[in-house]
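Participant: Here is a sequence together with a model predicted from it:
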Amino acid sequence: MIPYYLCFILFLVGLYGVITRRNLVKIAISLSIMEFSVFLILALIGFREGGVAPIVDPSDPVKIYVDPLPQAMVLTAIVIGLATTAMLMAVIIRIYRKYGTFDIREIKNLRG
Amino acid sequence: MNPLIPLFVAIPLAGAFLIMILGRFIRNLNKYLASLILLFLVVVSFWSLFTTGNSVSVYKVGGWEAVNSVPIGIYMVLDGFTAIILCIINLIGFLSVIYSISYIARYTSENYFYSLFCLMMAGMNGVVLSGDIFNIFVFLEISAISSYALVAFGVEKNELEATFKYQVLGGIATFLILMGIALIYWETKTLNIADIRNVFSTGYDRKYYLLVQILLLSGFGLKAAIIPFHAWLPDAHSSAPSPISAMLSGVLIKAVGIYVIIRLFFNMFAISEGMAILITSLGSLSMVIGVFLAVSQWDIKRLLAYHSISQMGYVILSVGIGMILISRGIRTEIAALAIAGGIFHLINHAAFKGLLFLNAGAIEYSIGTRNLQEMGGLSKTMPATSATSLVASLSISGIPPFNGFFSKLIIIVAAILAKFYFLALLAVIVSIITLASFMKFQRYAFFNKADDDNSRTIKEVPFPMLFSMIVLGIICLLLSILVFPGIREIILTPATDILMDPSKYASQITGI
């Protein structure tokens, strides 16, 4: 069970970063940490002790295969995560051009 | 069996790419192609609404048939509830595109706008149609990424700040949802909603089940902006261009938030009383706090955005009352009434909130400000905008004969019949405060005395914008007829039935 708990702690580390960091880029990095902790959990769910890649070999029926579906899900989620991260970085660069700062305390046009 | 199901996703997706590629070479292609696509989807979705009835049709992506009645492919499911939400999405989308023809002309790079708009439509239709939780996640992200970009479309200070907030909170919501999906897959080894229900019905670990439910409720609650998760909504919805605000507030929070919550908690999880009470209290909290936050706003679009939170509270409240009654196993006819009221209010809210945001956009288009204190006397210079916004204001505050009255009446009657007198009282009070808040909007924007030198230059908005607003105004009136017997049985009852009898949903899908 230890790897699962470590993943969850990684998730909380990312959440802590999102809440406490004041630099926009660091917030984006913290979000990525959260994202990859969830991916790790997904990959771990498909893991089998002593399993091999799921290419079925009829000559050896006792082989244990890892579950391929979570791997496919992780790949899909990584592609989506890439798009959101790229979008977020583009917005951060635009914010820097408009406000001249990465500090979230000085970006407060909208209130309430 | 409905052969047109995949078109709801494929056509707008193809349209998004075509607009980007061909739009560079052919002038004005973007707006006509986008309007045509949306018009086609409106026709198909209404055709589906009237032909679906009580049946459930399933499209298996790639033709992967079930093995030993265990679904292995990706399923797209069209039932009564889905058909209603599809109609709302595509109708509001179509009218917003027509409205954008004039409104977006003053921005640059229109191609990107229409392309992202089609992408957002594909994402929302996909979320609603998907019968598979991982695909719900994928389509949710498609619609979310395009809506992040559309909120920032003006690329000024406010827009960028709003979209940053929206993206960070939306990102956290995404990870919570993905974690919930991973945990469900771990326990059940399947992703199909109907199959998950079948596996869970053979027994589960209660604490694990609760953890998954809380993860998914907070993830989709963030997307739906229920009150403890609402911080991004007023900023994002008020900073976006007005047709996009109408889409976000009128459709997106319903399709990717409320719809998924209702679908998962009725058709995937077994309804437990504790979860039902939690959902009901979140709904009543949103209803009350949302309206109090709205009263003090002077920015029109911010005021409307806070009212969205409050009106979504009504929907969640009444659906929650239905859940409580079902979990206790008593008086299921009242539960059906409460759920029908919630779905009816969902439809109505799409119509009048979409209209109100389009009105706000028209005002901003003509006089260049969103601050209520700087307006006045617009009822003379902009008669059509004034009339349609009066219709929408009266229907959101629940004045007969407009649609909002009937749905609020059903919700309040259901709450009284279910003996939740306090919640019924709260709903009435919130409705009165909503009326007060919209009287303020009407008085300051349209009926106050205007500055004389200013009012001569103000003109009514161009025809495409007027067309969308007037059509939505008529829809606000027409939707009242959904409450009458005869029409209610065709449209609202199938949607309620599929939610009331979750084992039927599961058996119908796995049986096909």
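Facilitator: Sure, I can see it.
Participant: Would you mind listing the outside residues contacting stretch B:177-192?
Facilitator: A:11, A:38, A:41-42, A:45, A:67, A:69-70, A:73, A:77, B:70-71, B:75, B:131-135, B:137, B:140, B:195-196, B:199-200, B:204-205, B:208, B:211-212, B:215-216, B:219-220, B:509-510 (C-beta atoms under 8 Å, 6 or more residues apart in numbering or on different chains). All C-beta atoms are positioned from the backbone trio N, CA, C, and that covers glycine.
Participant: What mean pLDDT does that stretch get?
Facilitator: Mean per-residue pLDDT for stretch B:177-192: 91.
Participant: do stretch A:91-102 as well
Facilitator: pLDDT averaged over stretch A:91-102 gives 91.
Participant: ok, residues contacting it?
Facilitator: Contact with stretch A:91-102 is made by A:23-25, A:28, A:106-107, B:148, B:152, B:155-157, B:160-161, B:163-164, B:167, as judged by C-beta under 8 Å, 6+ apart.
Participant: Which of the contacts of stretch B:177-192 fall in strands?
Facilitator: Assigned to strands by DSSP state E, the following of those qualify: residue B:75.
Participant: Now the buried members of the contacts of stretch B:177-192.
Facilitator: Among the contacts of stretch B:177-192, those buried by neighbour count (16 or more other C-beta atoms under 10 Å in any protein chain shown) are A:11, A:38, A:41-42, A:45, A:67, A:69-70, A:73, A:77, B:71, B:75, B:131-135, B:137, B:140, B:195-196, B:199-200, B:204, B:212, B:215-216, B:219-220, B:509-510.
Participant: What residues of stretch B:399-411 count as buried?
Facilitator: Neighbour-count burial for stretch B:399-411, counted by 16+ other C-beta under 10 Å, picks out B:402-411.
Participant: swap that for stretch B:69-82, please
Facilitator: B:71-82.
Participant: Quick one: end-to-end length of it, please.
Facilitator: With C-alpha to C-alpha, to the nearest Å as the measure, the first residue of stretch B:69-82 is 23 Å from its last.
Participant: Show the average pLDDT along that stretch.
Facilitator: 87.
Participant: list the contacts for the residue most central in space within chain A?
Facilitator: Geometric centre of chain A, nearest residue: residue A:35, 1.8 Å, by C-alpha atoms, centre = their mean. Residue A:35 makes contact with A:14, A:81, A:85, B:171, B:175, according to C-beta under 8 Å, 6+ apart.
Participant: Tell me the predicted confidence for the second one.
Facilitator: As predicted, residue A:81 sits at a pLDDT of 92.
Participant: Give me the secondary structure label for it.
Facilitator: The three-state label given to residue A:81 by DSSP: H, G, I helix; E, B strand; the rest coil is helix.
Participant: how far away is it from chain B?
Facilitator: Distance of residue A:81 to chain B, computed by C-beta to the nearest C-beta, to the nearest Å: 9 Å.
Participant: In space, what's closest to that residue - neighbours in sequence excluded?
Facilitator: residue A:35 (5.0 Å; C-beta to C-beta, 6 or more residues apart in numbering or on different chains).
Participant: so where does that neighbour fall, helix or strand?
Facilitator: helix A:24-45 (DSSP states H and E).
Participant: And that helix, what's buried?
Facilitator: Neighbour-count burial for helix A:24-45, counted by 16+ other C-beta under 10 Å, picks out A:24, A:27-28, A:30-43, A:45.
Participant: Tell me how far it lies from the chain's centre.
Facilitator: Averaging C-alpha positions (C-alpha atoms, centre = their mean, to the nearest Å) puts helix A:24-45 3 Å from its chain's average.
Participant: swap in stretch B:173-186?
Facilitator: Taking C-alpha atoms, centre = their mean, one finds stretch B:173-186 lying 23 Å from the centre of the chain it belongs to.
Participant: next one: stretch B:222-234
Facilitator: Chain-centre distance of stretch B:222-234: 13 Å, with C-alpha atoms, centre = their mean.
Participant: follow-up on the earlier one: separate out the buried members of the contacts of stretch A:91-102.
Facilitator: Applying 16+ other C-beta under 10 Å to the contacts of stretch A:91-102, the neighbour count classes A:24, A:28, A:107, B:148, B:152, B:157, B:160-161, B:163-164, B:167 as buried.
Participant: now, the most widely separated pair of those?
Facilitator: Distance extremes for those: the farthest pair is A:28 and B:157 at 19.0 Å, using C-beta to C-beta.
Participant: mind listing what residue B:487 touches?
Facilitator: By C-beta under 8 Å, 6+ apart, the contact list for residue B:487 reads residue B:481.
Participant: For residue B:479, see how far away it is.
Facilitator: Plainly put, residue B:487 is 10 Å away from residue B:479 if you go by C-beta to C-beta, to the nearest Å.
Participant: swap in residue B:427?
Facilitator: The value you get for residue B:427 to residue B:479, if C-beta to C-beta is used, is 19 Å.
Participant: Which one's more surrounded, these two?
Facilitator: Comparing residue B:427 with residue B:479 by other C-beta atoms under 10 Å in any protein chain shown, the one with more neighbours is residue B:427, at 24 against 21.
Participant: Could you find the closest non-adjacent residue to that one?
Facilitator: Computed as C-beta to C-beta, 6+ apart, the closest residue to residue B:427 that is not its neighbour in sequence is residue B:412, at 5.2 Å.
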